[in-house]
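1. quick one, fold the following:
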Amino acid sequence: MKSVSVRKIKTICFFCGANSGKDVAFVIAAFDLGEVLGRRKFDLVYGGGRLRLMGCVSTTVARHKRQVLGIIPSAFTVNKFVGETCGKEIKVATMHERLLTMMELSNAFIALPGDFGTLEELFQMISWA
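-> Residues are numbered from 1 along each chain as shown. Predicted coordinates:
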């Protein structure tokens, strides 16, 4: 019988829309996700900033003393477009470099509700896997 190699998941990357949406259930789900990741001792990689759904997840994970790393294109840091990043931050030149860095630093991926950008990021991870 062939042995199966299992990698331990330590760092999870998540994607979501920039907006919280009109339904408070999205905000509750984001806080719940942060709680689960934090309690289960997962580190987090995300798109940076502290606004809306991304802020809900990242600040909740950070409250559990887990490592939180935001990967953000330099253009997004002008005028604090996405707010202060929770945890450490890596600035990259392009969105492609952002996704590549997120993939290299993560063991698993989760998507919360979003728009076409969220789907594009998730499908990119799937196609690279």
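
2. next, Met125: secondary structure please.
-> helix (DSSP: H, G, I helix; E, B strand; the rest coil).

3. that one touches Leu100, doesn't it?
-> No. Assessed by C-beta atoms under 8 Å, Met125 is found out of contact with Leu100, at 10.2 Å. Where you see a C-beta, it was placed from the backbone N, CA and C, and this is true even at glycine.

4. more neighbours: which of those two?
-> Comparing Met125 with Leu100 by neighbour count (other C-beta atoms under 10 Å), the higher total belongs to Met125, at 18 against 15.

5. ok, the more buried one - contacts?
-> Going by C-beta atoms under 8 Å, 6 or more residues apart in numbering, Met125 touches 13, 99, 102-103, 109.

6. can you put these in TSV and add distance to Cys56?
-> Shown next, in TSV, are the contacts of Met125 (distance: C-beta to C-beta, whole Å):
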residue	distance to Cys56
Cys13	16
Leu99	22
Met102	19
Met103	23
Phe109	18
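
7. take those and keep only those in helices.
-> Residues from the contacts of Met125 lying in helices, with DSSP state H as the criterion: 99, 102-103.

8. how about the longest helix anywhere in the chain as PDB, C-alpha atoms only?
-> Scanning the chain for the helix with the most residues, using DSSP H, yields helix 24-39. Once non-C-alpha atoms are left out, helix 24-39 reads as follows in PDB (Å, rounded to 0.1, in the frame of the first residue of the first chain):
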ATOM      1  CA  VAL A  24     -24.900  41.700   9.100                       C
ATOM      2  CA  ALA A  25     -24.500  37.900   8.800                       C
ATOM      3  CA  PHE A  26     -21.300  38.500   6.700                       C
ATOM      4  CA  VAL A  27     -19.700  40.500   9.600                       C
ATOM      5  CA  ILE A  28     -20.700  37.800  12.100                       C
ATOM      6  CA  ALA A  29     -19.200  35.100   9.800                       C
ATOM      7  CA  ALA A  30     -16.000  37.100   9.600                       C
ATOM      8  CA  PHE A  31     -15.700  37.400  13.400                       C
ATOM      9  CA  ASP A  32     -16.600  33.700  13.700                       C
ATOM     10  CA  LEU A  33     -13.900  32.700  11.200                       C
ATOM     11  CA  GLY A  34     -11.300  34.800  13.100                       C
ATOM     12  CA  GLU A  35     -12.300  33.100  16.400                       C
ATOM     13  CA  VAL A  36     -12.000  29.600  14.900                       C
ATOM     14  CA  LEU A  37      -8.600  30.300  13.400                       C
ATOM     15  CA  GLY A  38      -7.300  32.000  16.500                       C
ATOM     16  CA  ARG A  39      -8.600  29.300  18.900                       C
END
